[in-house]
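Novice: Have a look at this prediction, sequence included:
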Amino acid sequence: MRKHLFEISKFVIIGFLNTFIDFAIYNALMWFFGITEGFWILPIVTTSFIIVNILSYFLNKNWTFNTNNTNSNNSKTATKFMNFVLISIGGLIINNTVIFLVTTYTSPFFDINFFLNIINDHSLAKDVLWANVAKIFATAFSMTWNFLGYKFIIFKK
C-alpha cells in the first residue's frame, strides 16, 4: 500500500509539472491564434497534449514507475511505448471531447466578469478563461484515464 501511495505521489508531481506546461502551451496558442472554441480549438489542444504526453512517458517510465530497465530489449520497449501511445490517444480523445463540448456548447455557469475587472478587452479574455475552465475538467478526466492505463497496462511490474 505504501508503495502505491508513493507512486501516486510521484505521478501527481509529474502531473502538476505536465499540467503547467500543457496549460502554458494551450494558452500561448489560444492567444496567438485568437481561437477559443469550435473545431479549430482541437489542433491547439492536440498540440499541447502531444508535447506533454511525450514528456510524461519518459518521466513516468524513469521515475514514477521506475521501469528504466537496461536489460529490456528494444522490441519490449517499442511495445511498451506503442501501448503508451494508445492509452494517450484515449486520453487525447477524452481531453478534446470535453474541451470541445464545454467551449462550444456551454456558457460560463458563474460570473466570469468578476475575474476580468482589470482587463480592458473582455471578449477574448472571457473566452480564454472559459476555455481554461474546460481544460481543467478535461485534465481531470484524462489524467484519471492515463494513470489507470499507465499503472495497470504500461508500467505494470
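Specialist: Received it, and whenever you're ready, just let me know what you need.
Novice: measure I51 to S9 for me?
Specialist: Counting by Cβ to Cβ, to the nearest Å, the separation of I51 from S9 is 24 Å. (Glycine included, C-beta is placed from N, CA and C.)
Novice: The two: which has the busier surroundings?
Specialist: With neighbours defined as other Cβ atoms under 10 Å, I51 and S9 compare such that I51 has more, 14 against 11.
Novice: what's the distance between that one and D127?
Specialist: Taking Cβ to Cβ as the measure, I51 and D127 are separated by 23 Å.
Novice: Tell me the helices and strands packed up against the lowest-mean-pLDDT helix or strand in the chain.
Specialist: Least confident helix or strand, the chain: helix 122-149 with a mean of 86, by mean pLDDT, DSSP states H and E. Applying 3 or more Cβ pairs under 8 Å, 6 or more residues apart in numbering; DSSP states H and E, one finds that helix 122-149 makes contact with helix 2-33, helix 41-59, helix 74-105.
Novice: Looking at the ones you listed, spot the one closest to N66.
Specialist: Taking Cβ to Cβ as the measure, those were each checked against N66, and helix 2-33 came out nearest at 8.7 Å.
Novice: Report the angle between the closest one and helix 122-149.
Specialist: Angle, helix 2-33 to helix 122-149, by axes from the mean of the first three to the mean of the last three Cα atoms, to 10 degrees: 150 degrees.
Novice: Give the buried residues for helix 2-33.
Specialist: In terms of neighbour count (16 or more other Cβ atoms under 10 Å), helix 2-33 has its buried residues at 7, 10-11, 14-15, 18-19, 22-23, 25-27, 29-30.
Novice: Same check on stretch 55-70?
Specialist: For stretch 55-70, by 16+ other Cβ under 10 Å, it's 56-57, 59-61, 64-65, 67.
Novice: any chance of those in CSV, plus pLDDT?
Specialist: Output for the buried residues of stretch 55-70, formatted as CSV (pLDDT from 0 to 100):
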residue, pLDDT
S56, 85
Y57, 83
L59, 89
N60, 82
K61, 82
T64, 82
F65, 78
T67, 72
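Novice: Same list, these, but as a markdown table with distance to W145 please.
Specialist: Conversion of these to a markdown table gives the following (distance: Cβ to Cβ, whole Å):
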| residue | distance to W145 |
| --- | --- |
| S56 | 13 |
| Y57 | 15 |
| L59 | 17 |
| N60 | 14 |
| K61 | 18 |
| T64 | 16 |
| F65 | 16 |
| T67 | 20 |
